[in-house]
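In: Quick one, fold the following:
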Amino acid sequence: MDGYVNLAYDYPVLGAFWTVMWIFLWVMWIFLLFRIIVDIFRDDSMSGWAKTGWLVFTIVLPFLGVFVYVIVRGKDMGRREQEHAKAQLDETNRYIRETLGTTGPASAAEQLAKLSEIRARGDISDEEFRRAKEKILH
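Out: Just a heads-up that it's a prediction; the model follows:
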């Protein structure tokens, strides 16, 4: 073992701190860059040329492009994210209603009709039917 061997105690704590700090900042930078690229594509108010310009700006000059984008258009990024989340929730709710076959809460008449069908099939007894009917009517 004539060569120099790096041991764990040869790496100072402050050096480890700075390494972790730079890795953290790098990950945050990548996250921010992708978040801005998604926001560029999500914004329906921009034309195709504007989207292309912002995309080229953020790819060719990433630091300057991202900082300028956040300064110029950052205020509405949260609003666009909320609109997207609300649209997804509305679409999910629409799909669930469509799949279940209902568009709103069933009326008492519809509930009684379904209950009568269940009793006619023999799935519930007359006593169970009576209790369920009382629940619906009260």
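
In: Break down this protein into its helices, ranges please.
Out: For the chain, the helices defined by DSSP state H occupy 13-42, 48-60, 62-73, 77-100, 108-121, 126-137.

In: residues making contact with the third one?
Out: I take that to be helix 62-73. 32-33, 36, 39-40, 43, 54, 57-59, 77 (C-beta atoms under 8 Å, 6 or more residues apart in numbering). Bear in mind the C-beta positions are built from the backbone N, C-alpha and C, glycine included.

In: What of the second one?
Out: Contacts to helix 48-60, defined as C-beta under 8 Å, 6+ apart, come from residues 33, 36-37, 40-41, 43, 46, 64-66, 68-69.

In: of the contacts of helix 62-73, buried ones?
Out: Among those, the ones that count as buried by 16 or more other C-beta atoms under 10 Å are 33, 36, 39-40, 54, 57-58, 77.

In: Show me which pair in the residues you listed is furthest apart.
Out: Phe57 and Met77 (16.0 Å; C-beta to C-beta).

In: Turn the helices of the chain into TSV, columns for mean pLDDT.
Out: Shown next, in TSV, are the helices of the chain (pLDDT from 0 to 100):
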stretch	mean pLDDT
helix 13-42	91
helix 48-60	93
helix 62-73	90
helix 77-100	89
helix 108-121	86
helix 126-137	87
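
In: Quick check: the residue lying closest to Asp126 once chain neighbours are set aside vs Phe129, distance?
Out: The shortest distance from Asp126 to any non-neighbouring residue, by C-beta to C-beta, 6 or more residues apart in numbering, is to Arg119 (7.1 Å). Per C-beta to C-beta, to the nearest Å, Arg119 is found 4 Å from Phe129.
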